[in-house]
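Asker: generate coordinates for the sequence data below:
(2 chains)
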Protein chains: 2
Amino acid sequence: MNIRQIIIRKRSGQELDNKEIEFFVRGFTAGGIPDYAASSFLMAVYFRGMTEKETFFLTRCMMNSGEIYDLGRFGRRCVDKHSTGGVGDKVSLVCGPIVASLGVKVPMICGRGLGYTGGTVDKLESIPGFCARLTHRRFMKGLEKIGLVFSSQTGRIAPADKKIYALRDVTGTVENISLITSSIMSKKLATGAPGIVFDVKCGRGAFMKKKKEAGDLALWLVKVCRKFGRKATVLITDMDQPLGTTVGNSLEVIESVECLKGHAAPDLLDVSLRVSAEMLVLSGACRDLVAARQAARRQIENGEALRKLGEVITFQGGDTAVISEGFRGWKKARHISDIRAEKTGFIQDIDAGLIGQLACELGAGRNRLEDRIDPSAGLIFFCKKGNRVQKGETIARAFTDRRDIAEICGRLKRAVLIAEKRPVLPAMILKRITS
Amino acid sequence: MNIRQIIIRKRSGQELDNKEIEFFVRGFTAGGIPDYAASSFLMAVYFRGMTEKETFFLTRCMMNSGEIYDLGRFGRRCVDKHSTGGVGDKVSLVCGPIVASLGVKVPMICGRGLGYTGGTVDKLESIPGFCARLTHRRFMKGLEKIGLVFSSQTGRIAPADKKIYALRDVTGTVENISLITSSIMSKKLATGAPGIVFDVKCGRGAFMKKKKEAGDLALWLVKVCRKFGRKATVLITDMDQPLGTTVGNSLEVIESVECLKGHAAPDLLDVSLRVSAEMLVLSGACRDLVAARQAARRQIENGEALRKLGEVITFQGGDTAVISEGFRGWKKARHISDIRAEKTGFIQDIDAGLIGQLACELGAGRNRLEDRIDPSAGLIFFCKKGNRVQKGETIARAFTDRRDIAEICGRLKRAVLIAEKRPVLPAMILKRITS
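Answerer: So this is what the prediction gives:
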């Protein structure tokens, strides 16, 4: 068996067997298969796709390339949550504490942001002292004691995925459904929660721009979960305007805290309660979605969810001043600039794709994994789609250390469309699929 | 401009412009673009193809990556010949001397063999002392003095092609018409003959298995020649059974010498005369193909072509004993084994693909460019398709240093089909296309 033959077989549209896929994953992870062969193989997969069988094999090999966490001791009351990433998506920071405060174990393996979609790890790391790199021991201890951990994908969990993803990112081979599915699932399966709720974002500010693509990914995720004996629910949610009112790392942590204090933008609250409810039902903590949503809302109102967030921040070394004092003591952005409405009317549209890109330019995101993020950079919106604004009113505020803030803010105006007619607001939940 | 964007543009089926293609060729040749990005790009090209414009740009960039030979001083009476490679294809060794002996300059840039198709350079280098690595000065001097040179592609001619081809070979991205065309043409254009005759081999022993593929390549070659102001004629010739009676490097040199002495297998003679005639007409030395074919045949009969071969061997440092004494003094294969007919009947078929592969295993070819070739290894056939053989008669003889000769000869039998009915012999020239 050699990689050239495997490339040619895939290139010609043949189905690879378990051994060939294992040969690729092991060889590439160990360094025996060079990058140039792997990238050519991945481009062939991009064009030819993978069958269900191939995707299962690939997922399993990638999962088995590193440590496997056994969460059996927590039984069924244990649920993970995964978002495919969106602009302003801080749902994990809200749902995790809500669900854990109801006695369900929530082992969250979170990613770093790439491109304009933020990563939960980056957001949390804007809290002074917060450490997301947990050893297996700390991970398990956190789950036992707090019921919630936010852990980054260490080099020990699915290292094959880490290496393959880094190569895909620089070789234009990210956008393939089987590669996306195996990348997500290998990590999720390795860290072992028996149930997983997926929030597949769909729209201009998401990886999946179209409902069809998002729907396909949802089906694949459910299929792979079923194959590996996990329960899964997928919500496809709107990501056409930024979620909530902030984009940027420390800004989003503050917004999450505010949300748990009861001051939430309606869209963020809606998605967070819905995802929390799915997590509660999937883990058996609540019997149906209506009861679960009420229970979730109650945890915000009675302060239990906020308390849980404080506990997990403390457990992971972070400074909880963020909960009582907000911004104070954090790094401040050097330049702040307001964006004002150029006319009176209704906000028709806020283009999440463009906003994500501009937030990235402000310093809130990275184009390469090795790029540094500026935790203070980002945007606050004072209005959402459907709000009425007056000419000259501040609609958003930009924070950055970059000098070209004026130029970026100029382009920001183009992302916000104002018109006379009141727009129709979209439903946040576009589809639900469950195993 | 960055390579990732270029990959993604090609992947999505967009047409690249001159600058993007130049960015790729220059960047990859100079080392700024890593192998893994280049191979992913090449796989995207494999699937998406390239437009005429893109192929022209690519060819031009690759041509301009190294030295450009100016053959202007030789005027129109100067013609190159190129074969896409086949099993037993020694046509260049026959045509070159024929055409040069009629006063036409023949600047042959020859390749090394890869896979089961032999390379003219490898064949000639089995002559003791023969050197195919000519400097520009020696190349020009040979053309002036002898009218014929056999030169390998040095690192100075189209180095971009050399580097790109090496990567394509190991990443399953060889089989794309634009990449093939640009690879062939960048070298041919850099060495500057005003006319080129292409022998596109077609059949199981060739790179192009099907007439459709061969026809497509022929059209592309003619198009690119026209674009760059060169005259071109393409013959698509049969490569379903090995050409002539030998496969292997020194064996094929001997067969070429025998052919120029007037002892040729009919198929080899037919193709050689036809290609020679095209070269003579394209360079204006003969007014039509009938006259040209007669002229070519005369150069064999009067010994002029053989004398020219002797001259070029001497000029390039080789021992001309091969012409008078054949094998004597050359490295001999350690093991020799005869393959006998298992029944009486007509040779229905000799599978050139399988023969090429087995000759490779005997040591006559290489799987990687860095593999060493055994010049003495190969096969002699005592019969061709359509010949009648008696049970037990020797149909072929294998030469090798490898110990597993018996096993290889066992499989060799499967390549030769004997049956009662006399088979229909195919035409050697399948198609002719001219600019």
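Asker: which residues touch the helix or strand where A:G310 lies?
Answerer: With the criterion set as DSSP states H and E, the secondary-structure element containing A:G310 is helix A:304-315. Outside helix A:304-315, the residues that touch it by C-beta atoms under 8 Å, 6 or more residues apart in numbering or on different chains are A:93-94, A:96-98, A:100-101, A:124, A:127, A:130, A:142, A:145-150, A:256-257, A:260-261, A:299-300, A:319-320, A:322-323. Using the backbone N, CA and C atoms, a C-beta is placed for each residue, glycine as well.
Asker: in strands, which of the residues you listed appear?
Answerer: A:148-150 (DSSP state E).
Asker: select only the buried ones of those in PyMOL?
Answerer: Here is the PyMOL command that picks out the buried ones among the ones in strands among the contacts of helix A:304-315, judged by 16 or more other C-beta atoms under 10 Å in any protein chain shown:
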select buried, chain A and resi 148+149+150
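Asker: and the helix or strand that contains A:L167, which residues are buried?
Answerer: A:L167 is located in helix A:159-170, with elements delineated by DSSP H and E. For helix A:159-170, the neighbour count (16+ other C-beta under 10 Å) marks A:159-165, A:167-170 as buried.
Asker: measure stretch A:336-349 end to end?
Answerer: When the termini of stretch A:336-349 are compared using C-alpha to C-alpha, to the nearest Å, they are 23 Å apart.
Asker: for stretch A:296-308, same thing?
Answerer: Taking C-alpha to C-alpha, the span from the opening residue of stretch A:296-308 to its closing residue is 13 Å.
Asker: flag every buried residue along it.
Answerer: Buried residues in stretch A:296-308, counting neighbours by 16+ other C-beta under 10 Å, are found at A:296-297, A:299-300, A:304-306, A:308.
Asker: now the helix holding A:G310: how far from the chain's centre is it?
Answerer: In this view, helix A:304-315 has its centroid 20 Å away from the chain centroid, taken as C-alpha atoms, centre = their mean, to the nearest Å.
Asker: likewise for stretch A:19-35?
Answerer: Averaging C-alpha coordinates over stretch A:19-35 and over its chain gives two centres that are 28 Å apart (C-alpha atoms, centre = their mean).
Asker: tell me the buried residues in it?
Answerer: Buried, per 16+ other C-beta under 10 Å, within stretch A:19-35: A:20-25, A:27-29, A:33-35.
Asker: next step: these restricted to helices.
Answerer: A:20-25, A:27-29, A:35 (DSSP state H).
Asker: near chain B, which residues of the stretch 151-300 of chain A are found?
Answerer: Residues of the stretch 151-300 of chain A lying close to chain B by C-beta under 8 Å from any C-beta of the partner chain are A:167, A:170-173.
Asker: 6 Å instead?
Answerer: Remark: the part of the stretch 151-300 of chain A in contact with chain B comprises A:170-172, using C-beta under 6 Å from any C-beta of the partner chain.
Asker: which parts of chain A are strands?
Answerer: Across chain A, reading from the start of the chain, the strands by DSSP E fall at A:79-83, A:106-110, A:148-152, A:195-202, A:231-238, A:246-247, A:335-340, A:345-350, A:378-381, A:388-389, A:394-400, A:416-419, A:429-434.
Asker: what's the most buried one of those strands?
Answerer: Using mean count of other C-beta atoms under 10 Å in any protein chain shown, the stretch among the strands of chain A with the greatest mean number of neighbours is strand A:246-247 (a mean of 31).
Asker: show me how far that strand is from its chain's centre.
Answerer: Averaging C-alpha positions (C-alpha atoms, centre = their mean) puts strand A:246-247 14 Å from its chain's average.
Asker: helices or strands up against that strand?
Answerer: Taking 3 or more C-beta pairs under 6 Å, 6 or more residues apart in numbering or on different chains; DSSP states H and E as the contact definition, the neighbouring helices and strands of strand A:246-247 are strand A:378-381.
Asker: swap in 8 Å and give it another go.
Answerer: The contact analysis (3 or more C-beta pairs under 8 Å, 6 or more residues apart in numbering or on different chains; DSSP states H and E) places strand A:246-247 against helix A:249-260, helix A:352-359, strand A:378-381.
Asker: now these in JSON lines, with mean pLDDT?
Answerer: Listed next are the helices and strands packed on strand A:246-247 as JSON lines, based on pLDDT from 0 to 100:
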{"stretch": "helix A:249-260", "mean pLDDT": "96"}
{"stretch": "helix A:352-359", "mean pLDDT": "94"}
{"stretch": "strand A:378-381", "mean pLDDT": "96"}
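Asker: pretty sure A:L167 is one of the things A:A38 touches, is it not?
Answerer: Yes - taking C-beta atoms under 8 Å as the definition, A:A38 is a contact partner of A:L167 at 5.9 Å.
Asker: quickly list what's touching both of those two.
Answerer: Shared contacts of A:A38 and A:L167 (C-beta under 8 Å, 6+ apart): B:Y36.
Asker: and the closest residue to chain B within the stretch 201-350 of chain A, what are its phi and psi?
Answerer: Closest approach of the stretch 201-350 of chain A to chain B (C-beta to the nearest C-beta) occurs at A:K209, with a separation of 13.2 Å. In this entry, A:K209 is assigned phi and psi values of phi -80, psi -30 (degrees, to the nearest 10).
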